[in-house]
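Chemist: Predicted model follows, preceded by the sequence.
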Amino acid sequence: MTAPIVRTRAELREMAQLWRRAGETIGVVPTMGALHDGHLSLVARAKEMSDRVIVTIFVNPKQFNNPEDLENYPRTEHEDARKLERFAVDAIYVPDGAQMYPDGFATTVRVEGLTDVLCGAHRAGHFDGVATVVTKLFTQSSADLAFFGEKDFQQLQVVRRMARDLDLGVDVVGCPTIREIDGLAMSSRNLLLSDQARSRASALFDVMEDMGEALQSGQAMDALLPAAQARLAAAGFGDIDYLELRTNDTLRLIHRAEAPARLFAAAWMAGVRLIDNIDVPAVT
Ligand code: AMP
């Protein structure tokens, strides 16, 4: 069944208010489109947990710190709508820039602390853009629940913090990372890789998994980093923005698996920035 495509916030609000009045819960799945099985796993979870599901597709200019990246970002609305058919979602919200940021728009939502590190340190303004658009999507959709991927773990924690701090009344549900068969985390950006770069990119997850095992056996990051960096370079990765172990909740930098943590990486493959993270339980 084709879901209605809604392009204005007025229309979305009207639909959502009807559902609310009927006592139905609303789940929202914010995306930037170019949907893959990672996104669709969020939609499946949203269907299980909510009476009504809204998928949003908006390539948010405010969260891009590089105009070329924004321009090259894949846009596949027709295909996306087709992929959503089997889930029978209740609405696909596809606002344009003027709907989200009308003339004179002057407000920024900023989450302090959590955004100073990892992608926040490498992409100026990125999380301000994310927090601002997600706040708007939450209020426009009147959502009770919102579904985000652990693939973007820092984003998930930023959105959780923001929803709590601003009393948005939205429960943020984190969903596990969906991977390709060779382990590469699914990402819309993978579409930008050549076949050769795509096949080399799986080295990122291989290296991270091996590091995760070594951390579980009690080794420290310092001892593991040189070999990990060399393996990534040999696989064709260029700059590594970060390869760090941080606590789950506050993203504090640690060197051993002494607390529940995640290993985070961002690295460039053939001009495409890939990010990933894996769970590293505390060694007891
Ligand atoms: P994006 O379209 O990249 O902004 O992603 C929209 C949502 O899908 C975010 O909550 C992402 O964390 C989530 N997502 C992206 N890739 C994956 C993946 N491979 N597995 C699970 N969730 C994902």
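Modeler: Yep, that arrived.

Chemist: and the stretch 101-250 of the chain, which residues reach the ligand?
Modeler: Within the stretch 101-250 of the chain, the positions near the ligand by CB under 6 Å from any ligand atom are 148-149, 151-152, 175, 177-178, 185-188. For glycine as for every other residue, the C-beta is placed from the backbone atoms N, C-alpha and C.

Chemist: Validate this expectation: V133 resides in a helix.
Modeler: Yes. Per DSSP: H, G, I helix; E, B strand; the rest coil, V133 lies within a helix segment.

Chemist: so it makes contact with Q99?
Modeler: No. Look at V133 against Q99 with CB atoms under 8 Å: they stay out of range, at 11.4 Å.

Chemist: Of these two, which one has the most company?
Modeler: More neighbours surround V133 than the other of V133 and Q99, with 22 against 17 (other CB atoms under 10 Å).

Chemist: what's the closest non-adjacent residue to the more buried one?
Modeler: Spatial nearest neighbour of V133, excluding adjacent residues (CB to CB, 6 or more residues apart in numbering): N60 at 4.5 Å.

Chemist: Verify the contact between the one you found and M100 for me.
Modeler: Yes. Between N60 and M100 a contact is recorded at 7.4 Å, counting by CB under 8 Å.

Chemist: and those two? which has more neighbours close in?
Modeler: Neighbour totals were compared for N60 and M100, and N60 leads with 22 against 18 (other CB under 10 Å).

Chemist: Now do the strands in the stretch 1-150 of the chain.
Modeler: In the stretch 1-150 of the chain, the segments counted as strands under DSSP state E, counting those that start in this stretch are 5-6, 26-31, 52-57, 91-93, 145-149.

Chemist: check contacts around the closest residue to the ligand within the stretch 101-250 of the chain.
Modeler: Residue nearest to the ligand within the stretch 101-250 of the chain (CB to the nearest ligand atom): G149, separated by 2.3 Å. Contacts for G149 (CB atoms under 8 Å, 6 or more residues apart in numbering) come out as 38-39, 41-42, 156, 174-178.

Chemist: Could you report the pLDDT at it?
Modeler: Each residue has a pLDDT score; the one for G149 is 98.

Chemist: With E71 instead?
Modeler: At E71, pLDDT is 94.

Chemist: Need the contacts of G149 in JSON lines (columns: pLDDT).
Modeler: JSON lines is the format used below for those (pLDDT from 0 to 100):
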{"residue": "G38", "pLDDT": "98"}
{"residue": "H39", "pLDDT": "98"}
{"residue": "S41", "pLDDT": "98"}
{"residue": "L42", "pLDDT": "98"}
{"residue": "L156", "pLDDT": "98"}
{"residue": "G174", "pLDDT": "98"}
{"residue": "C175", "pLDDT": "98"}
{"residue": "P176", "pLDDT": "98"}
{"residue": "T177", "pLDDT": "98"}
{"residue": "I178", "pLDDT": "98"}
